[in-house]
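> when you get a sec, could you give me coordinates for this:
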Amino acid sequence: MNVVISDAKYVAAQETRFKSKEKVGLSISGSDSGKVYNEDGSLAFLIKGKHISLSDAIWLKDGETEEPVLGMKKKLVSLHQTVFVVKPNEDVVGIVKIKLGLKKKISLFLGDSDDGDPTYTAEGGMRGKRFDVCDSNGDVVCKVEKDSLNMRNMLTDQDTYNITVPAGGDSAFFVLVCTIIDELFHDEE
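Purely as a prediction, here's the structure:
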């Protein structure tokens with residue numbers, strides 16, 4: 001796998017694990033925030049967004065420079081829940097869709113079109129926050145697990161996710177996909 005969606009500097013040289021810590025619920029300002037750490041504990045990304053706005057956008061920012069890397073923007077009117085993955089210049093580089101039915105299906109399309117078969121699908125216990133992102137062959141390309149209920153998460157009012165990105169995978173993209181899926185399921189609650 002060698003996929004560059006955001007920038008080549010975010011492509012994992014080897015299998016890499018991240019820990020994403022996101023605030024649960026909405027703050028008084030209507031913002032959403034979180035931090036994503038590398039295995040060594042250093043800050044990899046910041047998650048910043050506003051929900052009380054017309055754009056309802058969330059941005060993944062570089063942990064060192066705080067420059068936007070990738071963002072998500074919700075499609076306001078859609079038969080299925082749809083989120084666009086955008087670069088800082090607003091170019092659409094991916095689309096995430098949840099199709100409702102007896103079983104929810106999450107499809108991820110690279111590029112600016114959702115025609116045809118998805119590039120990736122997400123499968124697993126979305127509500128339990130354990131899921132795999134699989135390529136079109138069914139091979140797992142990213143694993144996401146929510147940390148079990150623990151006192152630190154309850155006291156700090158945050159969710160913690162462990163995200164494993166394979167060698168050659170775009171870390172920024174897969175971290176943002178985890179955030180998008182979390183956001184789409186929190187919208188339903």
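> what residues sit buried inside the biggest helix by length in the chain?
Ordering each helix of the chain by length in residues (DSSP state H) puts helix 171-188 first. Within helix 171-188, the residues that count as buried by 16 or more other CB atoms under 10 Å are 171-185. Every residue, glycine included, has its C-beta placed from N, CA and C.
> all strands of this protein, in order?
16-23, 31-38, 43-50, 57-62, 68-74, 81-86, 92-99, 105-110, 120-125, 130-135, 140-146, 158-165 (DSSP state E).
> mean pLDDT and mean neighbour count added to those, as JSON lines?
Shown next, in JSON lines, are the strands of the chain (pLDDT from 0 to 100; neighbours: other CB atoms under 10 Å):
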{"stretch": "strand 16-23", "mean pLDDT": "87", "mean neighbour count": "18"}
{"stretch": "strand 31-38", "mean pLDDT": "82", "mean neighbour count": "19"}
{"stretch": "strand 43-50", "mean pLDDT": "88", "mean neighbour count": "20"}
{"stretch": "strand 57-62", "mean pLDDT": "91", "mean neighbour count": "22"}
{"stretch": "strand 68-74", "mean pLDDT": "91", "mean neighbour count": "22"}
{"stretch": "strand 81-86", "mean pLDDT": "90", "mean neighbour count": "22"}
{"stretch": "strand 92-99", "mean pLDDT": "89", "mean neighbour count": "19"}
{"stretch": "strand 105-110", "mean pLDDT": "90", "mean neighbour count": "19"}
{"stretch": "strand 120-125", "mean pLDDT": "83", "mean neighbour count": "18"}
{"stretch": "strand 130-135", "mean pLDDT": "88", "mean neighbour count": "19"}
{"stretch": "strand 140-146", "mean pLDDT": "88", "mean neighbour count": "19"}
{"stretch": "strand 158-165", "mean pLDDT": "85", "mean neighbour count": "20"}
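> Y10 is nearest to which of the ones you listed?
When these are compared by CB to CB, strand 68-74 sits nearest Y10, at 6.7 Å.
> noted, bye for now.
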